[in-house]
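Undergrad: I would like to see how this sequence folds:
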Amino acid sequence: MSIRHVTPLTRRTATGRVAQVYAQSAADFGQPAFMMVSPAPDLHAAAWALLRESELVGRAPRAEKEVTAVAVSQANGCRFCVDAHTILVHATGEHQLAEDLLHDRPLTEPRFARIAAWAKATRTPGAAESRSAPFPTEVAAEFIGTALSTHFINRMFSTLTDERLIPGNLQRSHSVRRMGGITYARTVRRELAPGESLELLTGIPRGLTPDWAAGTPIGEAFATLRGAAAAGAALLSAPGRDLLAATVADWDGGHPSAAWLDQRLAGLSPGDRPAAGLALLAALAPHELTDARVERWRATGSTTDADLVLLLGFGAITAVERIESAIAGAR
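TA: Next up is the predicted model:
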């Protein structure tokens, strides 16, 4: 994986909150998580906490939650995340399932097929398939949290990396995928205590706790991700924020083009367009983000890598909140 547009903190250079996230994610996930988000430590910690508390911890089978993550990533077109979560499905021992998911073949086991259909449908607010939850109420927060975590991280990976999991795309080899699954099998099968990531969130402003996860570590993590990502709003003008909100509210789950984006931006002043363009891309069309667009934004004034991560994070969470609202409304 090659990280674009920002210089991440490495395990050797990281301190404070980022170093703590790297240490915990290496132990619990098998590798330091989300290095491309590390220039914004609060957002980095919140993104990790939501993934850990929903996808890695809990009573729902890990294979089912990995199916959720693969299916959401397919809906969003995040190649890195599809490949990574497919390897994690292999790690659970579900080898045929992993290959069927990767190649988008029909899933033979009904429970996996229902979960995948629901997860893919979450990209489209109001989709019929997302209205009927294919999981018990007592583990609903785990599945919803996994889906929303994946929607957020898909957008950050697609904007800030080249989406190659392994140099040369070696993960496209079946034998490499199986070997990767073996490598992660022990980590995937560990039983993790819920809530241990929350100590990494001390001092981070929080948004509203969702009703679907109230009273759980998942709810606290999601509320903190809301709060951390909201810091990016300050990097947009008021008209830019209004445009982002209105555009996401009208979104039908499709994959807009760069030409569509420029049409939406035409009503803003020239100085407001670069930042609003990046936020809109992160929300709805992350694959359309280019070096040129980032450079135009950087040319508008004093900008940092942390600013870029927060700006993209605000765009991403705006789309995720639209998806979350649709899921919660269906329930």
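
Undergrad: For the stretch 51-200 of the chain, which residues score under the pLDDT cut-off?
TA: Across the stretch 51-200 of the chain, the ranges flagged by pLDDT under 70 are 163-182.

Undergrad: residue boundaries of the strands in it?
TA: When secondary structure is read from DSSP state E, counting those that start in this stretch, the stretch 51-200 of the chain shows no strands.

Undergrad: Identify each of the helices in it and give its residue range.
TA: 62-76, 79-91, 95-102, 110-121, 140-160, 174-188 (DSSP state H, counting those that start in this stretch).

Undergrad: what angle sits between the first one and helix 110-121?
TA: Between helix 62-76 and helix 110-121, the angle comes out at 30 degrees (axes from the mean of the first three to the mean of the last three Cα atoms, to 10 degrees).

Undergrad: Now do helix 62-76 against helix 140-160, angle only.
TA: Using the same axes, to 10 degrees: helix 62-76 against helix 140-160 is 40 degrees.

Undergrad: related to what we said a few turns ago, so can I have TSV of the helices of the stretch 51-200 of the chain showing distance to residue 249?
TA: C-beta coordinates here come from the backbone N, C-alpha and C atoms, glycine included. Below are these laid out as TSV (distance: least, Cβ to Cβ, whole Å):
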stretch	distance to residue 249
helix 62-76	19
helix 79-91	26
helix 95-102	32
helix 110-121	19
helix 140-160	16
helix 174-188	38
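
Undergrad: Just send those helices back as TSV, with mean neighbour count and distance to residue 272 too.
TA: TSV is the format used below for the helices of the stretch 51-200 of the chain (neighbours: other Cβ atoms under 10 Å; distance: least, Cβ to Cβ, whole Å):
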stretch	mean neighbour count	distance to residue 272
helix 62-76	26	27
helix 79-91	25	31
helix 95-102	20	41
helix 110-121	20	34
helix 140-160	26	19
helix 174-188	16	44
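
Undergrad: ok, residue 12 to residue 32 distance?
TA: Distance, residue 12 to residue 32, by Cβ to Cβ, to the nearest Å: 11 Å.

Undergrad: How about residue 222?
TA: 22 Å.

Undergrad: and those two? which has more neighbours close in?
TA: Per other Cβ atoms under 10 Å, whichever of residue 222 and residue 32 has more neighbours is residue 222, with 33 against 21.

Undergrad: Starting from residue 290, give me the distance back to that one.
TA: Separation of residue 222 from residue 290 (Cβ to Cβ) stands at 31 Å.

Undergrad: same thing with residue 211?
TA: For residue 211, the distance to residue 290 - Cβ to Cβ - is 39 Å.

Undergrad: who's more crowded, those two?
TA: Legend: neighbour count by other Cβ under 10 Å for residue 211 and residue 290, higher for residue 290 (13 against 9).

Undergrad: Give the closest residue to the more buried one in space, chain neighbours not counted.
TA: Closest residue to residue 290 apart from its sequence neighbours, by Cβ to Cβ, 6 or more residues apart in numbering: residue 258 at 8.0 Å.

Undergrad: just residue 245 next, same as before
TA: Residue 245's closest residue in space is residue 318 (Cβ to Cβ, 6+ apart), at 6.9 Å.

Undergrad: For the helix or strand containing the one you found, what is the distance to the chain centroid?
TA: Assigned by DSSP states H and E, residue 318 belongs to helix 305-330. Mean-position distance between helix 305-330 and its chain equals 9 Å (Cα atoms, centre = their mean, to the nearest Å).

Undergrad: Can you name the helix or strand that the nearest residue to residue 271 once chain neighbours are set aside falls in?
TA: Among residues not flanking residue 271 along the chain, residue 300 sits closest, at 6.5 Å (Cβ to Cβ, 6+ apart). Using DSSP H and E, residue 300 is not contained in any helix or strand.

Undergrad: And residue 300, how far from residue 8?
TA: Relative to residue 8, and taking Cβ to Cβ, residue 300 is found at 23 Å.

Undergrad: who has more neighbours, the two?
TA: Counted by other Cβ under 10 Å, residue 300 and residue 8 do not tie: residue 8 has more neighbours, with 20 against 13.

Undergrad: which ones are touching residue 312?
TA: Residues in contact with residue 312 (Cβ atoms under 8 Å, 6 or more residues apart in numbering) are 155, 156, 159, 160, 232, 278, 279, 282, 289.
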